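coords please:
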Amino acid sequence: MLERYTRWQAAPIHLGISALLAAIVFSAMLFLWYPQPYFQVAGGRTLLLLLIAVDVVIGPLLTLIVFDPRKKKLKFDLAVIVALQLAALAYGAHVMFNARPVYVAFAGDRFELVEANAIDPADQARAAPAFRTLPLTGPQVVGTRLPFDPGGRQRLGMAAMLGGSIGLFPQYYVPYAAVSRVAVAHAEPLAELRQKHPERAGDIDQFVAASGKPDAALGFVPLQARHGDMAVVVDAANGDVRGVLALDPW
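Got it, this is the predicted structure:
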């Protein structure tokens with residue numbers, strides 16, 4: 001059967017199959033693990049480019065190089081390429097899954113985007129039952145409270161010195177409703193966000209219209225993430241999260 005194809009025919013077929021598999025992984029990544037607007041700030045683009053480079057480009061390129069219908073071991077060579085490619089795809093999907101954003105944690109005066117691989121399993125085991133299982137379909141909004149014991153506060157202080165924060169410790173999570181009014185106290189008016197991004201005023205207007213709330217009834221609180229910051233829009237009366245705008249809040 002392979003004798004019917006040239007390398008210039010086999011490589012595009014391999015490319016099409018690879019692109020289909022990559023599209024399936026990308027769909028899971030975009031719609032389940034990295035829903036908008038978190039895709040960019042959670043490093044999704046970098047991971048996607050690696051997936052494309054390894055799975056969609058290198059595999060078909062190797063097929064183009066080794067494919068020769070006269071070779072006796074052609075099937076073995078192709079099987080090795082496919083096996084390596086599937087292994088790379090599985091590893092890439094595993095990395096993407098482990099790096100997915102799982103919590104938007106309110107941490108005193110801002111929100112933090114927390115990735116799954118940033119949470120220590122030992123800390124997760126000490127969390128309240130509601131926070132012991134990491135979300136699978138996008139980040140969950142939670143609140144945080146400082147520990148009362150000196151040991152816990154010391155650990156947070158050491159984490160802060162290393163660039164960490166309370167958002168990485170699910171044992172200090174509480175339902176967001178318990179701290180939502182604190183978020184209100186730190187919210188800035190949307191007018192300030194408009195001044196920072198006049199070119200995106202239309203996007204802000206569209207968001208406000210979809211919320212069903214007047215402009216003055218909403219505010220924003222910064223959301224810090226590893227690959228960029230955004231603005232969490234909250235209800236100015238009770239702190240309920242209305243959504244996230246992909247705009248630098250600073």
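
Give me the phi and psi angles of Ala53.
The phi/psi pair for Ala53 (degrees, to the nearest 10) reads phi -60, psi -40.

Kindly report the same for Glu112.
With angles defined as degrees, to the nearest 10, Glu112 sits at phi -130, psi 140.

which residue packs closest to it, ignoring adjacent ones?
Gly167 (3.7 Å; CB to CB, 6 or more residues apart in numbering). To be clear about C-beta, it is placed using only N, CA and C from the backbone, and glycine gets the same treatment.

buried stuff in the one helix or strand Ala201 maps to?
Following DSSP states H and E, one finds Ala201 within helix 201-211. Neighbour counts over helix 201-211 (16 or more other CB atoms under 10 Å) mark Ile204, Phe207, Val208 as buried.

Dump those into JSON lines; add distance to Tyr176 as well.
Converted to JSON lines, the buried residues of helix 201-211 look like this (distance: CB to CB, whole Å):
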{"residue": "Ile204", "distance to Tyr176": "23"}
{"residue": "Phe207", "distance to Tyr176": "20"}
{"residue": "Val208", "distance to Tyr176": "22"}
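
Pick out whichever of the residues you listed sits closest to Lys73.
Phe207 (59.0 Å; CB to CB).

Give the helix, strand or coil label for Ala28.
Under DSSP: H, G, I helix; E, B strand; the rest coil, Ala28 falls in the helix class.

ok, it - contacts?
Shown in contact with Ala28 (CB atoms under 8 Å, 6 or more residues apart in numbering): Ala93.

State the distance from the residue nearest to Glu112 to Ala11.
Distance of Gly167 to Ala11, given as CB to CB, to the nearest Å: 46 Å.

between the two, who's got more neighbours?
For Gly167 versus Ala11, neighbours defined as other CB atoms under 10 Å are more numerous around Gly167 (24 against 19).

Starting from the top helix by length along the chain, tell me the next helix or strand along the chain.
Longest helix in the chain by number of residues (criterion: DSSP state H): helix 74-98. The helix or strand immediately downstream of helix 74-98 is strand 101-106, counting by DSSP H and E.

what's that next one in contact with?
For strand 101-106, using CB under 8 Å, 6+ apart, the contacting residues are 33-34, 38, 42, 111-116, 119, 134-135, 138-144, 166-167, 170, 173, 176, 179-180, 182-183, 221, 223, 225, 232, 241, 244.

Tell me which of these fall in strands.
Under the assignment DSSP state E, the contacts of strand 101-106 contribute 111-115, 140-144, 173, 221, 223, 232, 241, 244 to strands.

Who wins on neighbours among those residues?
Phe111 (31 neighbours).

Would you confirm that that residue contacts Pro222?
Yes. Applying CB atoms under 8 Å as the test, Phe111 and Pro222 come out as touching, 6.9 Å apart.

Overlap in contacts, the two.
Both Phe111 and Pro222 are contacted by Val232, under the criterion CB under 8 Å, 6+ apart.

Perfect, that will be all.
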